[in-house]
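**Student:** Provided below are the primary sequence and the corresponding predicted coordinates.
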Amino acid sequence: MREHLLRSLPQVSRLLDHFRGKYREEYIKEGARRVLERYRKEIKAGLRHTTENLLEDVEKEIRKLSETRLKRVINATGVVINTNLGRAPLHEDVVRFVSMIASHYSNLEFDLTTGCRGSRVELVEEYLVCLTGAESAHVVNNNASAVFLILNTHAKNKEVIVSRGELVEIGGSFRIPDIMKAAGAILVEVGTTNRTRLKDYIEAITPNTAFIMKVHRSNFYMEGFVEEVKIEDLLQLSLPVYYDAGSGAVVDLRDMGLDIYEPSFRDLIKKGVHVVSGSGDKLLGGPQVGIIVGQRHLIEPLRRNPISRVVRVDKLTLSALEMTLRLYMEKRHHEIPVIRMLTVEEKELYRRAKLLARRLKRIKDLDVRIIKDFSQCGGGALPHLYLPTYCVAIKHRTMSVSQLERKLMDASTPVIVRVKRDTLLLDTRTLLPEDLEELPKIVEEAII
């Protein structure tokens, strides 16, 4: 029986002829080879007793190989800055600019005035200085790198004072104490988890103290019996103060209609903070970068640190950052997708929900209704901000919630939803205009 099954397996060339014209030859050969090898092993082990699904399995493998691993997905979770889904989607002007730079040569490190080698960071430094009011600026590949670079440059083998309540863990299990240790800084913890007073900082200062570091608790908040020292008071201690702002806000969110205060680069620099760092792909709404702004005598040494080259940004990231910053310069930041999603009015969300629900109701065996719920900012920013939203809730009459969720994730354009009370919710806050148009067709094809 096993020998018969093994002899019945076709050669790769036959499978190549069968699928030629439908898929690229490279993927057909590799897909066929993988499936045939798996079948042989299973037959010899007595685990396979038929080959009737061979063509179907080969085609599945070919399709899997043919598709890119990184895919566009539809974010229907309601989490605006969704870390797992790539955080901030870029503005269309940013995308066009990146495409142009990517497909041509550029003056990335060429000074068009002198004809000599230039600095890539200088391409965005002027924008950052103008937008934040800082004396100087530097850019690296993410905010964790920014923290590392600042501490390694200015606090290697020196003490950095941090409140215990601010020794946070950021995404991917990266902890502030671990980054500080790797950078060569000596962590000096003061206060307790919930209460830190000014005298705690004063008593911890020694001749070897390089910085007072304040870490914004951007991904969690504490309530109740808590106390922390204001940045204005820390600035009176005659030591450089470094503020890890985390979420990277450039403008005051209250000016955009959000009833919440988030320390922005400009606000912190105006108060006199010596160095500030933050992310570019959170509340800024741009690409993943670490932005550092502050006093020139503290920023310039960062550029000379060899690690600065290790964590530098590439031309595509830099072009995306430049155009995003230009949107702020031109007072067009309300057009940036993240800002737009956070500030969209409830009546617009309800309009979207009605439109989407009407189209989804045409799908057989799908129960559809509109419910009011709450969206979140996400991305380790504004954890206590709950934004009223409208969702389209869907259930299938013969399919379980988990089965329906799986089918939507397996769709040609995967749809990522949130599940609440045994129902799938499509939150309209995070749906882009093209998502609204495509979703009904995607859902219908997924559940057929």
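**Tutor:** Arrived safely.
**Student:** Give the helix, strand or coil label for Leu108.
**Tutor:** Three-state assignment for Leu108 (DSSP: H, G, I helix; E, B strand; the rest coil): coil.
**Student:** separation between it and Arg312?
**Tutor:** Using CB to CB, to the nearest Å, Leu108 is found at 11 Å from Arg312. Every C-beta, even on glycine, is put in place using the N, C-alpha and C of the backbone.
**Student:** Are there residues contacting both of the two? Which ones?
**Tutor:** Arg120 (CB atoms under 8 Å, 6 or more residues apart in numbering).
**Student:** Comparing these two, which residue is more hemmed in?
**Tutor:** Arg312 (17 against 14; other CB atoms under 10 Å).
**Student:** where does that one land in three-state SS?
**Tutor:** Assignment for Arg312 (three-state DSSP): coil.
**Student:** domain assignment for the protein?
**Tutor:** Annotated domains of the chain cover 2-65, 74-84+344-447, 90-335 [automatic domain parsing].
**Student:** Columns mean pLDDT on top of those domains, output as JSON lines?
**Tutor:** As requested, the domains of the chain are arranged in JSON lines below (pLDDT from 0 to 100):
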{"stretch": "domain 2-65", "mean pLDDT": "93"}
{"stretch": "domain 74-84+344-447", "mean pLDDT": "94"}
{"stretch": "domain 90-335", "mean pLDDT": "93"}
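**Student:** Buried residues, the strand or helix carrying Lys41. List them.
**Tutor:** Following DSSP states H and E, one finds Lys41 within helix 25-44. Neighbour counts over helix 25-44 (16 or more other CB atoms under 10 Å) mark Tyr27, Ile28, Lys29, Gly31, Ala32, Arg34, Val35, Leu36, Tyr39, Ile43 as buried.
**Student:** now the first one, nearest residue through space, not along the chain?
**Tutor:** What that stands for is Tyr27. Leu65 (4.4 Å; CB to CB, 6 or more residues apart in numbering).
**Student:** mind checking the SS state of that neighbour?
**Tutor:** Under three-state DSSP, Leu65 comes out as helix.
**Student:** That one: neighbour count?
**Tutor:** 16.
**Student:** Equivalent analysis for the one 3 residues further on, please.
**Tutor:** Neighbour count of Thr68, defined by other CB under 10 Å: 6.
**Student:** what do you get for Gly248?
**Tutor:** With other CB under 10 Å as criterion, Gly248 counts 27.
**Student:** that's a helix at it, yeah?
**Tutor:** No - assigned with three-state DSSP, Gly248 falls outside any helix and is coil.
**Student:** Now the phi/psi pair for it, please.
**Tutor:** phi 70, psi 30 (degrees, to the nearest 10).
**Student:** In space, what's closest to it - neighbours in sequence excluded?
**Tutor:** Gly278 (3.5 Å).
**Student:** you'd agree the residue nearest to Tyr27 is up against Lys29?
**Tutor:** No - taking contacts as CB atoms under 8 Å, Leu65 lies outside contact range of Lys29: 9.8 Å.
**Student:** residues near Gly246, how many?
**Tutor:** 25.
**Student:** which residues pair with it across the strands?
**Tutor:** Gly278 (DSSP bridges).
**Student:** Number the chain from 397, please
**Tutor:** Sounds good: first residue 397 from here, last item Gly642.
**Student:** Just confirm Leu820 contacts Cys787, I think it does.
**Tutor:** No - look at Leu820 against Cys787 with CB under 8 Å: they stay out of range, at 9.3 Å.
**Student:** and those two? which has more neighbours close in?
**Tutor:** Cys787 (28 against 22).
**Student:** Kindly confirm my reading that Val672 forms part of a helix.
**Tutor:** No - judged by three-state DSSP, Val672 forms no part of a helix; its state is strand.
**Student:** Is Leu712 within a helix or a strand, and which one?
**Tutor:** Going by DSSP H and E, Leu712 is in helix 711-725.
**Student:** how about the next helix or strand after that helix: buried residues?
**Tutor:** Moving toward the C-terminus from helix 711-725, the next helix or strand (DSSP H and E) is helix 733-739. In terms of neighbour count (16+ other CB under 10 Å), helix 733-739 has its buried residues at Pro733, Val734, Ile735, Arg736, Met737, Leu738.
**Student:** quick one: the strands in the stretch 547-696 of the chain?
**Tutor:** For the stretch 547-696 of the chain, the strands defined by DSSP state E, counting those that start in this stretch cover 555-559, 565-566, 570-571, 582-586, 605-611, 637-642, 671-675, 686-690.
**Student:** closest to Leu508 out of the ones you listed?
**Tutor:** Proximity to Leu508 (CB to CB) singles out strand 686-690 among these, at 24.4 Å.
**Student:** So what are the sheet partners of that closest one and their directions?
**Tutor:** strand 532-536 (antiparallel), strand 671-675 (antiparallel).
**Student:** Only the C-alpha atoms, please, for stretch 663-674, written as PDB.
**Tutor:** Only the C-alpha atoms of stretch 663-674 are listed here, as PDB (Å, rounded to 0.1, in the frame of the first residue of the first chain):
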ATOM      1  CA  ASP A 663       5.600  72.400  26.100                       C
ATOM      2  CA  LEU A 664       8.500  70.600  27.800                       C
ATOM      3  CA  ILE A 665      11.100  72.700  26.000                       C
ATOM      4  CA  LYS A 666       9.300  75.900  26.900                       C
ATOM      5  CA  LYS A 667       9.400  74.800  30.600                       C
ATOM      6  CA  GLY A 668      13.100  74.500  30.400                       C
ATOM      7  CA  VAL A 669      13.700  70.700  30.100                       C
ATOM      8  CA  HIS A 670      17.200  70.200  28.900                       C
ATOM      9  CA  VAL A 671      16.600  67.100  26.700                       C
ATOM     10  CA  VAL A 672      13.400  65.500  25.500                       C
ATOM     11  CA  SER A 673      12.800  62.300  23.500                       C
ATOM     12  CA  GLY A 674       9.800  60.700  22.000                       C
END
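**Student:** Residues touching that stretch, excluding its own?
**Tutor:** Contacting residues not belonging to stretch 663-674 are listed as 528-530, 539, 542-543, 546, 627-628, 631, 636-645, 648, 661, 680, 686-691, 694-695 [CB under 8 Å, 6+ apart].
**Student:** Next, the distance between the ends of stretch 627-643.
**Tutor:** Start-to-end span of stretch 627-643 (CA to CA, to the nearest Å) is 17 Å.
**Student:** And the residue nearest the centre of the chain, how far from Ile759?
**Tutor:** By CA atoms, centre = their mean, the chain has its centre lying nearest to Arg483, at 2.7 Å. Taking CB to CB as the measure, Arg483 falls 31 Å from Ile759.
**Student:** hey, where'd the helices end up in the stretch 497-646 of the chain?
**Tutor:** 518-528, 539-550, 572-579, 594-600, 627-630 (DSSP state H, counting those that start in this stretch).
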